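A.B. asks: I'd like to go over a predicted model; first the sequence, then the structure.
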Amino acid sequence: MAKVSFYPSGKVGEIPEGTSVLDASEKLGIELRHDCGGFATCSTCRIMVVDGVKNLTEIDLDEENMLEEAELPNPFRLSCQALIEGDVVLQIPEPEMQWSKGALRELDALPLMSRALIRVIVEARARAGGEEVILPDTAIPAVEKAKSELDEIGNDPVVLAALVKEVCGIP
Ligand code: FES
């Protein structure tokens, strides 16, 4: 059995190894969208791995193709494809915040594959600061900061996961 934790709900449970993250969420009573029914063709079941990256099965070709198509970099995974092999901590992405037009220009200027992750980081920090809308004054320095952090980390999934864990306020 593996200990599986989902945030932001904080629900935790013991799940048999070999279970998909999507099935684990259902067992714990968490509603996770899965529009294609688990066939790696929609990406709505996306989650972020914030601890225990190595305790999920590796990304196969179908998942890799879908993640690329949906522009979802590490530490995103498709919950219907990732099977649990040990303890993991997962973050279900929060609903996207509203960005003003000027702020969105900052995001749109980024390479496609970094946008989703930078958006998550900027929004998590803005939420923690009590903001409800991302305005240019916030977006310009926040996007720049997140971008340089990600540039420094490169594609190391463990370090990326730790950054997401920290910005999402996961203990
Ligand atoms: S449910 Fe569609 S990709 Fe996972």
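C.D. replies: Arrived safely, thanks for sending.

A.B. asks: now do the contacts for the residue nearest in space to the middle of the chain.
C.D. replies: Centrality entry for the chain: nearest residue to the mean C-alpha point is Met48, 2.9 Å, by C-alpha atoms, centre = their mean. Contacts for Met48 (C-beta atoms under 8 Å, 6 or more residues apart in numbering) come out as 75-77, 90-93, 120, 161, 164. Every residue, glycine included, has its C-beta placed from N, CA and C.

A.B. asks: buried only: go through these for me.
C.D. replies: Of the members of the contacts of Met48, the ones counted as buried by neighbours, 16 or more other C-beta atoms under 10 Å, are 75-77, 90-93, 120, 161, 164.

A.B. asks: sort out which one of the residues you listed lies nearest Ile59 for me.
C.D. replies: Arg77 (7.1 Å; C-beta to C-beta).

A.B. asks: how about that closest one, what does it touch?
C.D. replies: Contacts of Arg77 (C-beta under 8 Å, 6+ apart): 21, 46-49, 56, 59, 63, 67.

A.B. asks: mind checking which helix or strand the residue nearest to Leu110 when sequence neighbours are not counted is in?
C.D. replies: Spatial nearest neighbour of Leu110, chain neighbours left out: Ile118 (6.0 Å); criterion: C-beta to C-beta, 6 or more residues apart in numbering. Per DSSP states H and E, Ile118 falls inside helix 112-128.

A.B. asks: I'd like the next helix or strand past that helix.
C.D. replies: strand 133-134.

A.B. asks: next, the residues that contact that next one from outside, please.
C.D. replies: 97-100, 103, 122-123, 126, 142.

A.B. asks: ok and the helix or strand just after it relative to helix 112-128, angle-wise?
C.D. replies: Downstream of strand 133-134, the next assigned helix or strand under DSSP H and E is helix 136-153. Put simply, helix 136-153 runs at 120 degrees to helix 112-128, going by axes from the mean of the first three to the mean of the last three C-alpha atoms, to 10 degrees.

A.B. asks: was I right to think Gly13 contacts Ala24?
C.D. replies: Yes - between Gly13 and Ala24 there is a contact under C-beta atoms under 8 Å: 7.2 Å.

A.B. asks: many thanks, have a good one.
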